[in-house]
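> okay, here's the prediction I keep looking at, along with the sequence it came from:
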Amino acid sequence: MSPDGSAGEQRRQTAAAFRKANLKLGNLWMHYFSIGGDAGELEIDAYLNGSYTLPPVQGDLLAHAVHELTIHNTDGDGDRDV
Amino acid sequence: MRSCLSVPLNAPTEAGKGEAIGALKVYSRLPEAFDDTSENLLTLLAHPAAVMPANIQVAERASSLSDALRDALYSRSVIDTAKGMLMERLKLDERQALRVMTDHARQEDTVLRKVALDVPNRTVDPPFNRT
């Protein structure tokens, strides 16, 4: 997540990290939801595929959710194992 | 034992046959005890036999989903509370308060939930107010 980067750039980075980590959408959504995300799973899917725009806070949260799932290897259901 | 016949236990779905969740097997002491009729019969029996284990699997999935949801709701609440504290204390908007916590989490190589739990101790506050 780049603090001042454009929303489009953030989206591209999030989507790329999501694909690279081979995460499941359902796990990502649950983790995103657990850290305060409000968008639904379908909206997340559309956002990652470039056909939906999320509010800035939601984009930040989703980027951070991908980061945590990738770096901390949580299981996507609320980091019980952290 | 000289013969064995095995058919899949398919989880019933609205669309028809679902994934195999097990197998129903019969054995015989006689060689070549089973023929096509036996197979058809056992397949017929396998259908109702699959219902109970399939229901148990659904119940277990629901239970583990409910655990995950409870955990997620607790985590959300912790993070929301911390976000509100930072917004008030540091006069930040929602996005800025969130960024204070996510930046801290990345610097400390930890997760947002743990950072949020530290917010009341003021150990998360940045040395300067971000804009």
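Looks like it arrived, so ask away.
> can I get the CA coordinates of the longest strand along chain B in PDB?
Longest strand of chain B, by residue count under DSSP state E: strand B:16-28. This file holds the C-alpha atoms of strand B:16-28, laid out as PDB (Å, rounded to 0.1, in the frame of the first residue of the first chain):
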ATOM      1  CA  GLY B  16     -28.100 -33.800  -8.400                       C
ATOM      2  CA  LYS B  17     -25.100 -35.800  -7.500                       C
ATOM      3  CA  GLY B  18     -22.500 -33.900  -5.400                       C
ATOM      4  CA  GLU B  19     -18.900 -34.700  -4.500                       C
ATOM      5  CA  ALA B  20     -18.100 -38.100  -3.100                       C
ATOM      6  CA  ILE B  21     -17.900 -38.000   0.600                       C
ATOM      7  CA  GLY B  22     -17.200 -41.700   1.200                       C
ATOM      8  CA  ALA B  23     -17.900 -45.200  -0.100                       C
ATOM      9  CA  LEU B  24     -20.300 -47.900   0.600                       C
ATOM     10  CA  LYS B  25     -18.700 -51.400   0.400                       C
ATOM     11  CA  VAL B  26     -20.000 -54.900   0.600                       C
ATOM     12  CA  TYR B  27     -17.900 -58.100   0.800                       C
ATOM     13  CA  SER B  28     -18.600 -61.700   0.100                       C
END
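> residues of that strand that come out buried?
B:L24 (16 or more other Cβ atoms under 10 Å in any protein chain shown). C-betas here are computed from N, CA, C, even on glycine.
> adjacent strands (with direction) for that strand?
strand B:3-13 (antiparallel) (DSSP bridges).
> which residues touch the strand it pairs with?
Identification of contacts with strand B:3-13 by Cβ atoms under 8 Å, 6 or more residues apart in numbering or on different chains yields B:17-28, B:30-34, B:38-39, B:42-43, B:46-47, B:49-51, B:53-54, B:57.
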